[in-house]
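Trainee: Show me how the following folds:
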Amino acid sequence: MKRSPYPTENYRAPSWSWASVDGHIFHSGGDPVTQETQIAEIHEAQTVLRGSDPMGAVSGGLIKMKTLMTEVQYEYVNPELEHRYTTYVCKKHDLSAPFYPNWAFNLPGSHHIPSGTSLPCIILGYTNHTMAIVLQKVGSADHTFERVGSFFVNEPEKSKAWFEDGRMTELTIV
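Mentor: Below you'll find the model as predicted:
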């Protein structure tokens, strides 16, 4: 999967938006989350426009929500390859799933996240597959995060195992 080496330099969109990512966007193609399978509760979602054009640039945004959160460890599988082809996985106990970061974490610099780092992740709901959003804490505020990637579990029987020790958490994603 070809990915951008670093996050965008200039603010373009909140981290939870596909518009914040340079490069390819991955869509899982699974069933949508319904009221029966939903776990997350969205309390507030907003974007702040940079100007008066409702279809124009934004200068900020957030989602406040309550959902199931747990920790996963992510690793580089083949870090010796060129950054855009490095493979990443998320692991927890005996579980493993491909991880799709928003940028190449293995490059040096301020956005480097070492292999083996534990990161919080959340789930929106269970369907025929599970998409988990992987986060990173932002600043010193409690429960404020940015999205740094996602992983997918295509085996419904294993989906709940990823979050069996998770806690319902109120959080903000910027």
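Trainee: I figured residue 63 hits residue 42, correct?
Mentor: Yes: when contacts are counted by CB atoms under 8 Å, residue 63 is listed as touching residue 42 (6.4 Å). Where C-beta positions appear, they are placed from N, C-alpha and C, glycine not excepted.
Trainee: Where do the helices of the chain begin and end?
Mentor: Per DSSP state H, the chain carries helices over the ranges 156-162.
Trainee: low pLDDT regions in it?
Mentor: Counting by pLDDT under 70, the chain shows low-confidence ranges at 1-36, 79-86.
Trainee: Give me the more crowded residue out of residue 63 and residue 42.
Mentor: Taking neighbours as other CB atoms under 10 Å, residue 63 and residue 42 compare with residue 63 leading, 20 against 12.
Trainee: is that one in a bridge, and if so with what?
Mentor: Applying DSSP bridges to residue 63 yields these beta-bridge partners: residue 45, residue 173.
Trainee: Begin at 180, not 1, for the rest of this chat.
Mentor: From this message on, residue numbering opens at 180, which makes the last subject residue 242.
Trainee: now it: how far from residue 305?
Mentor: The span separating residue 242 from residue 305 equals 20 Å under the rule CB to CB, to the nearest Å.
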